[in-house]
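A predicted structure for the sequence below; I have some questions about it.
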Amino acid sequence: MVKVVTFFLIGIVVLAIFGRLGWFGGIMRRSLTGKRKSGKLSRPAICIKCGAPVIGAQGCVCDRPGTGEG
C-alpha cells in the first residue's frame, strides 16, 4: 500500500513539472481556445447615429422600427 501511494505522489509531481513547463497545458489551451493571434478581444462595432455598441447581425436598435429610439 505504501508503494502505491509513493508511486502516485511521484506521478503527480512529474505531471506538475510538465504542467509548469507548459508541455501538456499549452497543447490543451490551444485546442480549447482556438487559434487567436492576440489574447485581446476585438472591440465591438459602434453605431454611427447613436454611438451604442452594435451586437449581433441585426444592427443597432436605433435602426429597427418600433423600438422608439429613432
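Yep, that arrived.

Just the residues contacting stretch 49-60, thanks.
Counting by C-beta atoms under 8 Å, 6 or more residues apart in numbering, the neighbours of stretch 49-60 from elsewhere in the structure are 44-47, 61-64, 69-70. The C-beta positions use only the backbone N, C-alpha and C, and glycine is treated the same way.

Only the buried residues of it, if you could.
Along stretch 49-60, these residues count as buried under the neighbour rule (16 or more other C-beta atoms under 10 Å): 54, 60.

Give the rounded mean pLDDT of it.
On average, the pLDDT along stretch 49-60 is 83.

Need the distance between the two termini of that stretch.
The first and final residues of stretch 49-60 sit 9 Å from each other (C-alpha to C-alpha, to the nearest Å).

what's the helix or strand for residue 18?
Secondary structure assigned from DSSP states H and E places residue 18 in helix 2-21.

Domains in this structure, by residue range?
Domain assignment for the chain, taken from automatic domain parsing, gives 1-38, 40-70.

Mean pLDDT lowest where, among these?
Lowest mean pLDDT within the domains of the chain: domain 1-38, a mean of 74.

one step back: from the contact counts, what lies against the helix holding residue 18?
Helix 2-21 makes packing contacts with helix 23-33 when contacts are defined by 3 or more C-beta pairs under 8 Å, 6 or more residues apart in numbering; DSSP states H and E.

Past the helix it packs on, which element shows up next along the chain?
Downstream of helix 23-33, the next assigned helix or strand under DSSP H and E is strand 45-46.

Can you list the strands that that following strand pairs with?
For strand 45-46, the pairing partners within the sheet under DSSP bridges are strand 53-54 (antiparallel).
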